[in-house]
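Student: Pasting a predicted model and its sequence here:
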Amino acid sequence: MLKLQNIGKTYQTGTFKQVALKNINLEFREKEFVAILGPSGSGKTTLLNIIGGLDSYDTGDLLIDNKSTKNFKDEDWDSYRNHKVGFIFQNYNLINHLSILANVEMGMLLSGVSLKKCHQVAKDLLEVVGLKEHRHKHPNELSGGQMQRISIIRALANNPDIILADEPTGALDSKTSIQIMELIKKITKHKLVIMVTHNEKLAKTYATRIIKMQDGKVIKDTNPISYAKNIKEYKLKKTALKLPLCLRLSLNNLKTKKGRTFITSFASSIGIIGIALILSISNGFNNQIKDFEQNTLSSMPIIISKQAPNDTVSLTEEDNSSLDSNFLHPLKEDLDNIHYNNITADFLNYVNNIDSSLVRGLAYYHPTKFNFINKIKENVKLINLDNELISLPKLMDNETSVIATKYDILKGKEAIKKDELLLIVDEKNQVSQNILEALGIDNNTQDIKLDDVLNKTIKLVFNDDLYQNIDNYFVINKDLETVYQNSNNLTLKIVGIAKLKEEYVSLGTTSLLGFTNDLLKEVIKYNKNSEIVSKQQEVNYNLITGEVFTLKEDKDSWLSSLGRESMPEEIQIYPKDFLAKTKINEYLDKYNQDKEKENQIIYVDQAKMVVGLSQNIMLAISLVLGAFSAISLVVSALMISIIMYISVLERTKEIGILRSLGARKKDISRIFKMEALLMGVISGILGIILTLIILVPVNQILENLTNLKNIGLLNPWHAFMLISLSAILTLIGGLIPAKIASRKNPVIALRTE
Ligand code: ADP
Ligand code: MG
């Protein structure tokens, strides 16, 4: 079964050479109990280690089932140890941080036996040695005898052919020693047992053959083999540490060192926290900017008014010429910089044909004046609201209202029909005295109930009912009571009260009265044919004041204000969203193609000017802080590397045990890599959790500073990436220690305490 041919072994420590074995020739039977006796230092352990494939021989050959091991690779030895031999050590060599059950199962798991089967076999074996109840205990909770029994059944678990025991009773009292010997004898009946012992009495009682050694040589053999039996050649089985076991081992180790694991993960999570914070805040800021763009800026209308800055002058271009600051200077009116938009019927048509899916609403500002009249404290008064009227945008079909996105409706509803008005209050809920008076509300009252304003009415009088023609001059009818009672009048009602949303307040608020486009159409419809308008077109002086018009424009604008049909003074286009706005801009630009400069229409897009800057600043800050965090990540990887190295040193013994059970170098390195990976994942997750916790006060502070809610927002995708990054970095940090661990010589590893 086993044959040693001229085995020699010399240890070299520095320049000192220690010959441990000299020309050993031995052959063992398939079934026998061999005791090896000899003084300390005679080479017994070395012999056993060589037989067990833990140590290598220098000269000669070891034949296993007639197969030479001269050309064995590491993996072959690993497999041999795992399947063919079981070791029993004097000091038990159990893995302390694993349970009894896990210790017994280890060899089987290393050889790829399923967990279920392992459990079964291990439990059965524990039953045999009467320690089943103790299976969840850890080795240091057992007595020496109990530990040795565990180590014996561990050696037997993979059902090996050879049991190698190095002074198995060396640390036990004589009574326990006998029990252990009985156990070994009982359960190894059909195996080859080679036992090193000091105890000649035990050897004589239990062994079938006694070999005596001295100075690395066999000096006596009581039962040598005289003939060789032909046996089948030894076939190698592969061992492989499966990932779940690897994970279990690493997790177990981390668990036994909870404190250290936590502190290390905490320290190495700092880099992750840094990056996560930066990412979440810059992410949040970008989101806010995007929101701002999409809500605030996109709902800022594209404005086409009579005058626009000439687009040949870049808005960002600076005038570098400086003027003497000790003097005042007349402003040079740069007419080139102003473009006069000629809003024609053609253009109006063009605007009205915009793809309605892009537009939320359109507002037209007409110069037409409204004649308002109301009864205030029993007196009928004409009311001028010219400065407080605002044209509400005309909504496109199925569109959410511009009003709804820009204003909060405090009471009532939006004004949609021609006889409906919307009262808009300022940010402090203030309403102008003029509007209050116009609605017949006592403006001395401090707190006006919203309900008292809702449904208040005001009358609109058409020109013909208001003006009287007296000798080709027009005056306002003195009998205002009659004017007020006229059934032609339109009665307009406040149907809603609205307030500009908080995010728009910076754009400036005043109290206003919003009217619908339909009302404007109605007024023009009647007033364009009114007497004052038709008469005014015939003469070149103002029919009310008598003033003579010197410019045609003056007459035109006066006529427009009286209600003659005219082009709007200003058009505001409210885009549906940011993208739509770009498309509308493109659409408007197309109008100017092939047109002479003077016929082009230049619009103003306020939103365009605001965007862009803040994002760049954020990016710069992120980059700087990101660099710092990246450094701290590298530092934490180094730290983990050092801690892993310490762990390797601490676990040298465990490495030796695992190797003696048949773990490959690869497996050892895998365990440590897995541990590093786990540490990385733990610190990554810890970092993310801490970031989320830190973000709470950070967001509070940022909210106090900027008024923006929830700026710091961690993108789940970023969180995932950071955990992966942490795992990868610590894995890299663990590579070298893992390599060191896997290179440990199993014999030396087993000797360390
Ligand atoms: P025993 O088990 O019979 O007491 P060993 O096999 O342990 O003896 O040791 C045999 C000789 O080899 C001793 O002189 C010992 O000092 C030496 N030896 C054993 N292992 C090593 C080693 N790893 N490095 C150097 N010398 C060693
Ligand atoms: Mg020894």
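Tutor: That came through, no problem. Ligands and ions are numbered 1, 2, ... in the order given.

Student: and after the least confident helix or strand in the chain by mean pLDDT, which helix or strand comes next?
Tutor: The weakest-scoring helix or strand in the chain, judged by mean pLDDT, DSSP states H and E, is helix 606-610 (a mean of 61). Next in sequence after helix 606-610, counting helices and strands by DSSP states H and E, comes helix 613-650.

Student: so what does that next one touch, helix or strand wise?
Tutor: Judged by 3 or more CB pairs under 8 Å, 6 or more residues apart in numbering; DSSP states H and E, helix 613-650 is in contact with helix 258-291, helix 665-706, helix 716-743. C-beta coordinates here come from the backbone N, C-alpha and C atoms, glycine included.

Student: Buried residues, the shortest one. List them.
Tutor: So the one you mean is helix 716-743. For helix 716-743, burial by neighbour count (16 or more other CB atoms under 10 Å) applies to 718-719, 722-723, 725-727, 729-735, 737-738, 740-742.

Student: what's the following helix or strand after that helix?
Tutor: helix 746-751.

Student: What's the local residue count around residue 173?
Tutor: 11 (other CB atoms under 10 Å).

Student: Got the phi and psi for it?
Tutor: Phi and psi for residue 173, reported as degrees, to the nearest 10, are phi -70, psi 170.

Student: From residue 91, how far off is it?
Tutor: 15 Å (CB to CB, to the nearest Å).

Student: One more: residue 261?
Tutor: Where residue 91 is concerned, residue 261 sits at a distance of 27 Å (CB to CB).

Student: Ligand 1 contacts on the chain?
Tutor: When proximity is defined as CB under 6 Å from any ligand atom, the chain approaches ligand 1 at 11, 13, 18, 20, 38, 40-46, 747-748.

Student: And those residues, which is closest to residue 690?
Tutor: The closest of the residues of the chain next to ligand 1 to residue 690 turns out to be residue 748 (CB to CB; 41.5 Å).

Student: Apart from its chain neighbours, what residue comes closest to the closest one?
Tutor: residue 656 (7.6 Å; CB to CB, 6 or more residues apart in numbering).

Student: cool, and residue 547?
Tutor: In space, residue 547 is closest to residue 541, 6.3 Å off (CB to CB, 6+ apart).

Student: Counting neighbours, what do you get for that neighbour?
Tutor: 14.

Student: Mind listing the residues bridging to it?
Tutor: residue 548 (DSSP bridges).

Student: so which helix or strand takes in the residue nearest to residue 748?
Tutor: Residue 656 belongs to helix 652-660, assigned by DSSP H and E.

Student: just residue 33 next, same as before
Tutor: strand 32-37.

Student: check contacts around the residue in the stretch 551-700 of the chain that ligand 1 sits nearest to.
Tutor: The nearest approach of the stretch 551-700 of the chain to ligand 1 comes at residue 656, 12.0 Å away (CB to the nearest ligand atom). Contacts of residue 656 were listed using CB atoms under 8 Å, 6 or more residues apart in numbering, and they are 93, 744, 746-752.

Student: can you list those in TSV and add pLDDT?
Tutor: Output for the contacts of residue 656, formatted as TSV (pLDDT from 0 to 100):
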residue	pLDDT
93	92
744	89
746	88
747	87
748	87
749	88
750	87
751	83
752	81
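
Student: buried subset of the residues you listed?
Tutor: Buried among those (16+ other CB under 10 Å): 93, 744, 746-747, 749-750.

Student: Tell me the one among these nearest to ligand 1.
Tutor: residue 747 (6.0 Å).

Student: Would you enumerate the residues in contact with that closest one?
Tutor: 49, 54-55, 656.

Student: Among those, which ones are in helices?
Tutor: 49, 656 (DSSP state H).

Student: PyMOL command to pick out the buried ones of the contacts of residue 747?
Tutor: Buried members of those, defined by 16+ other CB under 10 Å, are picked up in PyMOL with:
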select buried, resi 49+54+55+656
